[in-house]
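K.L.:
Pasting the sequence and the predicted model now:
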Amino acid sequence: MASLNVGNLGEYLREQRRNAQLSLRQLADAAGVSNPYLSQIERGLRKPSAEVLQQVAKALRISAETLYVRAGILDAERDRDEVETRAVILADPSLNERQKQVLLQIYESFRKENGFGIGEPADDEDSAQEADTDGTTVPGTGATDGHDADAGPRRTAG
């Protein structure tokens with residue numbers, strides 16, 4: 001059988017499985033896939049569906065998005081930093097599940113506040129939230145016109 005371009009995925013899955021101290025059989029059982037099929041994925045012989053990747057990610061307690069990128073389902077350049085940041089948070093063994101979810105929610109709120117939607121970076125850092133000139137609160141910041149809540153007065157052109 002010829003190797004597909006999913007070797008990187010297989011190597012990554014094997015590494016994550018070993019880090020989780022799971023045997024191939026244990027992971028296959030937890031993910032609801034066959035042992036031979038998972039072995040073929042790890043060896044780069046099979047390209048799994050998004051559903052299978054999601055099941056494996058859940059069993060490993062890692063980000064499904066990371067597996068999607070490695071499998072070529074998501075564009076590798078699309079929000080690579082976001083995907084990697086989420087993966088690091090989810091893989092941190094020093095945090096419990098609740099802490100991970102809260103941290104991800106805070107991270108996402110900061111991204112939105114800075115004009116980055118899901119996969120959509122803003123053209124200009126200041127374009128997403130222009131301050132009103134009448135002194136009203138700037139949405140999402142709690143700051144009033146001309147002032148950043150943490151950085152003191154902000155200079156404006158003009």
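P.N.:
Received the coordinates, thanks. If you're wondering where the values come from, they're calculated on a predicted model, not measured in any experiment. Residues are numbered from 1 along each chain as shown.
K.L.:
Which pLDDT value belongs to the nearest residue in space to S63 that is not next to it in sequence?
P.N.:
In space, not counting the residues next to it along the chain, S63 is nearest to A87; the distance is 4.3 Å by CB to CB, 6 or more residues apart in numbering. No exception for glycine: its C-beta is placed from N, CA and C like everyone else's. We note a pLDDT of 84 for A87 in this prediction.
K.L.:
helices and strands around the helix or strand where A87 lies, which ones?
P.N.:
With the criterion set as DSSP states H and E, the secondary-structure element containing A87 is helix 80-91. Using 3 or more CB pairs under 8 Å, 6 or more residues apart in numbering; DSSP states H and E as the contact test, the elements touching helix 80-91 are helix 64-71, helix 97-113.
K.L.:
ok, and what's touching that helix?
P.N.:
Applying CB atoms under 8 Å, 6 or more residues apart in numbering, the set of residues contacting helix 80-91 from outside is 61-63, 65-66, 69, 74, 95, 100, 103-104, 107, 111, 116, 119.
K.L.:
at 7 Å what do you get?
P.N.:
R61, I62, S63, E65, T66, V69, K100, L103, L104, Y107, R111 (CB atoms under 7 Å, 6 or more residues apart in numbering).
K.L.:
Pull out the buried members of the residues you listed.
P.N.:
Applying 16 or more other CB atoms under 10 Å to the contacts of helix 80-91, the neighbour count classes I62, S63, E65, T66, V69, K100, L103, R111 as buried.
K.L.:
Look up how far D29 lies from the residue nearest to the third one when sequence neighbours are not counted.
P.N.:
Nearest in space to E65, with sequence neighbours left out and distances taken as CB to CB, 6+ apart, is V83 at 4.9 Å. As for V83, its distance to D29 is 27 Å (criterion: CB to CB, to the nearest Å).
K.L.:
Show me which of these two is the more surrounded one.
P.N.:
More crowded of V83 and D29, by other CB atoms under 10 Å: V83, with 20 against 15.
K.L.:
one step back: only the buried residues of the helix holding A87, if you could.
P.N.:
Residues of helix 80-91 classed as buried: E82, V83, T85, R86, A87, I89, L90, A91 (neighbour count, 16+ other CB under 10 Å).
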